[in-house]
Every structure is written in C-alpha cells, then in structure tokens.
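Visitor: this is the structure alone, sequence omitted:
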C-alpha cells in the first residue's frame, strides 16, 4: 500500500489522480488531500477517498466557515488551513509520496517540505523544477529520494530510459501539439482572446497551463524541466510539433535507435505510472487502435511566431536565476492575459524584457528563489499597469 499526499487535488491533474487512487484501493491510499479554495470538490474527494488529513490553502471568512462545516461532516479527517497548514501537512503528514499538482511556483514550498521530511515526489508541477530545479534535484540526490515525472512528455522520456540505464541519450525529443494557434503568424496572434487560447485541441488542462500551451511556453518550461530531471544540456533537447498528441516524447541513443512512448492523450496514464512504476495498472484510458489511427505527422516549431521556446532555451543556457525570471514573468503575464489586461503577444514580449533586464546572481536556497520570483512578478505587473 502506497500512501499518497495529493497536493492540488481539485485541479485538472488532481482530479484525475484521485480517479486513479479510487481505482486501486488495495494499492493506493490518499493520506492527505490539499486544495486551494474549491471546498465543494474537496468534500466530494473526502467522501470518496477518506483521507486522514485535508488542507484548504486559501484563507478567508468564507473558506473558514466551509472548512468548519466539513470538519463536522468528516470527523475522522484532520483539517488544516492556509499556507502554514499546507506546509504542516507536507512536513508532518503520514505519507510515502507527494503528488504535487499545485499550479505555478506555489508548489515549490510544499515540494521542498516533502523532500526535507524524507518523502519522494511525483511531480506534475513543472514550475518547481524550472524555478528551483538545481536546488530540488540536489536535495533529492543528497537524501536518496526519487523525483518521478507526471507530465506526459517527461513520463514518456522516463519510460523510454528504463532498461537503458548506462546509455546516455544522444538527444531527447519533446513533442508538442502546437496548441490552438498552430499555423498562425505573429500578426494573427496579436488579436487572439483568452477564450480562444483556452480551447486546446487535444488536452483538458488548467487555465494557466492551457495558455502556456497556446504560447508554447509550456514546451519551453518542459525543456528546462527535462534538463533538470535527466541531467542533459540544452543542445541535447529538441522540440517537434506532433498535432495528434499520440507520441508523447522520444529518446534517441548513440546507435541511432529512437525509443518512443505512445498512448491516447489522457493524463491518467502518466499519473498512474508515476505511482505504480515499475508495475503497470489499469487506468481507464482509451486504447489506441492502429488500424483506424491514421497518419502521425511532425513539423518544426515556428519560433518566429512562438519565441517562448527560444527564450526558455536561452534561460536554461544562461543558468543561475534566469530560469526563475522566465518562469516568474510568464506566470504574471499569463494571469494578466487571462484577466484581459494585456494581449496575447504581450506575454512573450514581456518575458523577453524581464530576461534582458535581469542582473545575474546565484540562488543558494529556496527562499532566495521565491524572493526573486516575487520581485520579478511585481516589476512585470508594474511595467504594464
């Protein structure tokens, strides 16, 4: 029985992870559930999974009253609130692995608390590895803890590398759907709306990650994440647009062999594998029928229209605080776009300005990462207000 702390339990990844846990009650136990503010969804998950501890990170009079009501309904569950409650659960909860599906850099502190308390991570929160990847990977290595990827692309790479230990990849090829604006040029992108950006053709995801997919910053963040997870340099990481989202990523070896992982575009498969590895369990995911699948196509990404890929590679190459700046600026700008305060192409332009204006310095601990993150976000918002 593996005891799981599910952080970000009511989001897109979290709800699918809860489904996997519910499918395997003899193998998985949801020991901790933590959400932002969606108390109603949390209540349904508590009724289904019976956690020993539950956290609502948001702090307000309304959420406080709702949590008090939940405590009366579920007396066997211990309830905590606020950021302090979130970190208490991460550090003191009785679990084996944290599945971190918190959105944005907010997932860094709980991930760090989990590592410091000796727990492994299943990471769906790519921002933690972008903003503080060197620190996080070093801490995991020092403690002998696993960090298992949940993103479909990194799970695909992780699976392709199994059985090839000792064979250094010549190249990792991350696949991208191209998002809703594949084929658009720069001028066409200037007028797109949040509603259009949120209409992803293949995947059902949270709002921020869906915008990142539309700008292709999501793939840029994944390049940095892959570098951290698999210890590779930027020149060994490549992106190819694959509109069908059937091949989730590939690894090329020195002998020319390419290992690819295929499957339906359904996040339950990589979530389950992160929790079951090396075993493979039933997930409810639709099966591929190669007789009816049709063509699988590939094309180079248009980095003139979607420069976020180039910006991410540059930030990775420059190292230090540059990936932190890239991530912070993008988080702030994506939110401003969703709020209708800036245009779509202002995201990539704002990220470029933030990187150009950064005076490099080394980051020695998580608090320095979070201080830089907050400063960059403040500066970005101030420059466009």
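Guide: Happy to help now that I have it. Keep in mind that what you see is a predicted model, and the values were worked out from it rather than measured.
Visitor: can you pull out the strands in the stretch 251-385 of the chain?
Guide: Taking DSSP state E, counting those that start in this stretch, the strands of the stretch 251-385 of the chain run over residues 258-262.
Visitor: spit out the contact partners of residue 180.
Guide: Contact partners of residue 180, counting by CB atoms under 8 Å, 6 or more residues apart in numbering, are 196, 197, 199, 200, 201, 214. The C-beta positions use only the backbone N, C-alpha and C, and glycine is treated the same way.
Visitor: try 10 Å
Guide: Contact analysis of residue 180 by CB atoms under 10 Å, 6 or more residues apart in numbering lists 192, 196, 197, 198, 199, 200, 201, 202, 210, 213, 214.
Visitor: tabulate those (a markdown table), appending distance to residue 331, secondary structure and pLDDT.
Guide: As requested, the contacts of residue 180 are exported to a markdown table (distance: CB to CB, whole Å; DSSP: H, G, I helix; E, B strand; the rest coil; pLDDT from 0 to 100):
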| residue | distance to residue 331 | secondary structure | pLDDT |
| --- | --- | --- | --- |
| 192 | 19 | coil | 92 |
| 196 | 20 | helix | 90 |
| 197 | 15 | helix | 90 |
| 198 | 16 | coil | 89 |
| 199 | 21 | coil | 83 |
| 200 | 19 | coil | 73 |
| 201 | 24 | coil | 70 |
| 202 | 23 | coil | 65 |
| 210 | 14 | helix | 89 |
| 213 | 15 | helix | 90 |
| 214 | 15 | helix | 92 |
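Visitor: need the longest strand for this protein.
Guide: When the chain is scanned for its longest strand (criterion: DSSP state E), the result is strand 28-35.
Visitor: what's it packed up against?
Guide: On a contact count with 3 or more CB pairs under 10 Å, 6 or more residues apart in numbering; DSSP states H and E, strand 28-35 meets strand 2-7, helix 12-23, helix 39-49, strand 53-56, strand 78-81, helix 82-92, strand 97-100, helix 268-276.
Visitor: nearest to residue 165, of the ones you listed?
Guide: Across the helices and strands packed on strand 28-35, residue 165 has its closest neighbour in helix 268-276 (17.2 Å, CB to CB).
Visitor: using the record's domain definitions, break the chain down for me.
Guide: Per automatic domain parsing, the structural domains of the chain span 2-149, 154-384.
Visitor: deepest-packed of those domains, please.
Guide: Of those, the one with the most neighbours on average (mean count of other CB atoms under 10 Å) is domain 2-149, at a mean of 20.
Visitor: now do that one: distance from first to last residue.
Guide: One end of domain 2-149 sits 17 Å from the other (CA to CA, to the nearest Å).
Visitor: now do stretch 75-85
Guide: Using CA to CA, the end-to-end distance of stretch 75-85 comes out at 18 Å.
Visitor: likewise for stretch 275-290?
Guide: 27 Å.
Visitor: so how far is it from its chain's centroid?
Guide: Here stretch 275-290 is found 20 Å from its chain centre; the criterion is CA atoms, centre = their mean, to the nearest Å.
Visitor: check stretch 114-132 too.
Guide: 10 Å.
Visitor: so for that stretch, mean pLDDT?
Guide: Stretch 114-132 shows a mean pLDDT of 96 in the predicted model.
Visitor: for the stretch 251-385 of the chain, give me the ranges with low pLDDT.
Guide: Low-confidence segments of the stretch 251-385 of the chain, defined by pLDDT under 70: 385.
Visitor: mind redoing it with 50?
Guide: For the stretch 251-385 of the chain, applying pLDDT under 50 flags no range at all.
Visitor: helix, strand, or coil at residue 106?
Guide: Following DSSP: H, G, I helix; E, B strand; the rest coil, residue 106 is assigned to helix.
Visitor: so what's the closest residue to residue 358 other than its chain neighbours up against?
Guide: Closest residue to residue 358 apart from its sequence neighbours, by CB to CB, 6 or more residues apart in numbering: residue 325 at 4.8 Å. Taking CB under 10 Å, 6+ apart as the criterion, residue 325 is in contact with 131, 315, 318, 351, 354-358, 360, 372-373, 375-376, 379-380.
Visitor: circling back: out of the helices and strands packed on strand 28-35, which comes closest to residue 148?
Guide: The closest of the helices and strands packed on strand 28-35 to residue 148 is helix 268-276. By CB to CB, the value is 4.6 Å.
Visitor: tell me which strands and helices the closest one is in contact with?
Guide: Short answer (3+ CB pairs under 10 Å, 6+ apart): helix 268-276 packs on strand 2-7, helix 12-23, strand 28-35, strand 97-100, strand 120-123, strand 147-149, helix 152-161, strand 258-262.
Visitor: how far is stretch 157-164 from where the chain is centred?
Guide: Centroid separation between stretch 157-164 and its chain, computed with CA atoms, centre = their mean, is 20 Å.
Visitor: I meant stretch 214-231, not that one.
Guide: Worked out by CA atoms, centre = their mean, stretch 214-231 lies 10 Å from the chain centre.
Visitor: do the same with stretch 304-324
Guide: 17 Å.
Visitor: same question, stretch 343-360
Guide: Centre-to-centre, stretch 343-360 and its host chain are 21 Å apart (CA atoms, centre = their mean).
Visitor: what does stretch 6-16 give?
Guide: In terms of CA atoms, centre = their mean, the centre of stretch 6-16 is found 11 Å from the chain centre.
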